[in-house]
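**Q** Here is my input; please provide its structure:
(one chain, ligands or ions: 2)
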Amino acid sequence: EYVNLNELVNYILNRFDMIIEKDDKPDKYYTIKREFTENDVWVELDTDRFTQVIDNLVNNAIKYSPDGSEITVRLLETNNYAILSITDQGLGIPRKDIARIFDRFYRVDKARSRAQGGTGLGLAISKEVVTMLGGRIWVDSVEGKGSTFYISLPFENYEEGDDWDAE
Ligand code: ATP
Ligand code: MG
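**A** Numbers count the residues shown, from 1 in each chain. Ligands and ions are numbered 1, 2, ... in the order given. Just a heads-up that it's a prediction; the model follows:
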């Protein structure tokens, strides 16, 4: 589908906000800030699968951050790419682990991760989906300070119009 990313991402984040508001421990509330370009950013993607990617990245940002911290989601565009980023103020990822976190079942600090629950598949699946969409996913992180996960999605390809009857 051809999708307005500003609307889709906002919709996904609103669902997280609704869950936060229902929580009965206000001191644990985390905040999700949005910093979106004013332009509408249109991309071709599979909404369900892309939603799964954003869900996993936001869930990770929450899961690996202290209660009450802030998560910032940014959306911007360059000539060729839409770029979405998710920044947390959490544990961060040690340099030695960065290259491996997109591998299946890889989890930093097994004991800690096991206590948090999960399988270690979220980022591997996310990478598969983003790659399938012709995009890239990467992370910039400082241990003890936080992480920013980036997704780039190409849109130039889809404006050339030679692909339209492929699906
Ligand atoms: P699942 O997503 O399958 O429920 P998971 O969250 O452990 O389990 P991934 O989402 O693939 O698996 O993440 C892999 C590992 O990368 C995590 O176990 C964690 O150690 C690390 N990680 C991922 N996101 C963050 C983050 N925002 N901050 C710190 N560490 C992270
Ligand atoms: Mg995860």
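
**Q** Correct me if wrong: residue 13 contacts residue 71.
**A** No. Using CB atoms under 8 Å, residue 13 and residue 71 do not qualify as a contacting pair, with a distance of 9.1 Å. In short, each C-beta sits where N, CA and C put it, glycine included.

**Q** okay, and the common contacts of these two?
**A** Common neighbours of residue 13 and residue 71, counting by CB atoms under 8 Å, 6 or more residues apart in numbering, are 32, 58.

**Q** Mind checking which of these two has more residues around it?
**A** When residue 13 and residue 71 are compared for neighbours, residue 71 comes out ahead with 22 against 18, by other CB atoms under 10 Å.

**Q** For whatever residue of the chain ends up closest to ligand 2, the count of nearby residues, please.
**A** At 2.9 Å from ligand 2, residue 122 is the closest residue in the chain, using CB to the ion. Under the neighbour criterion other CB under 10 Å, residue 122 is assigned a count of 20.

**Q** Could you find the closest non-adjacent residue to it?
**A** Leaving aside its chain neighbours, residue 122 sits nearest to residue 56 (3.9 Å; criterion: CB to CB, 6 or more residues apart in numbering).

**Q** Helix, strand, or coil at that neighbour?
**A** helix (DSSP: H, G, I helix; E, B strand; the rest coil).

**Q** ok, it touching residue 123?
**A** Yes. If you go by CB under 8 Å, residue 56 and residue 123 touch, sitting 7.0 Å apart.

**Q** Each with direction, which strands does the helix or strand hosting residue 85 pair with?
**A** Assessed by DSSP states H and E, residue 85 sits inside strand 81-87. Here strand 81-87 has these sheet partners by DSSP bridges: strand 70-77 (antiparallel), strand 146-154 (antiparallel).

**Q** which residues in the protein form helices?
**A** Secondary structure of the chain (DSSP state H): helices at 5-22, 47-63, 95-98, 110-116, 122-132, 156-159.

**Q** if we can go back for a sec, the strand holding residue 85 to helix 47-63, inter-axis angle?
**A** Angle, strand 81-87 to helix 47-63, by axes from the mean of the first three to the mean of the last three CA atoms, to 10 degrees: 30 degrees.

**Q** And strand 81-87, how far out from the chain middle?
**A** Here strand 81-87 is found 8 Å from its chain centre; the criterion is CA atoms, centre = their mean, to the nearest Å.

**Q** That strand close to ligand 2?
**A** No. Strand 81-87 stays clear of ligand 2 (CB under 5 Å from the ion), getting no nearer than 11.9 Å.

**Q** do the same with stretch 48-65
**A** Yes. Residues of stretch 48-65 contacting ligand 2 under CB under 5 Å from the ion: 56, 60.

**Q** Understood, closing this out.
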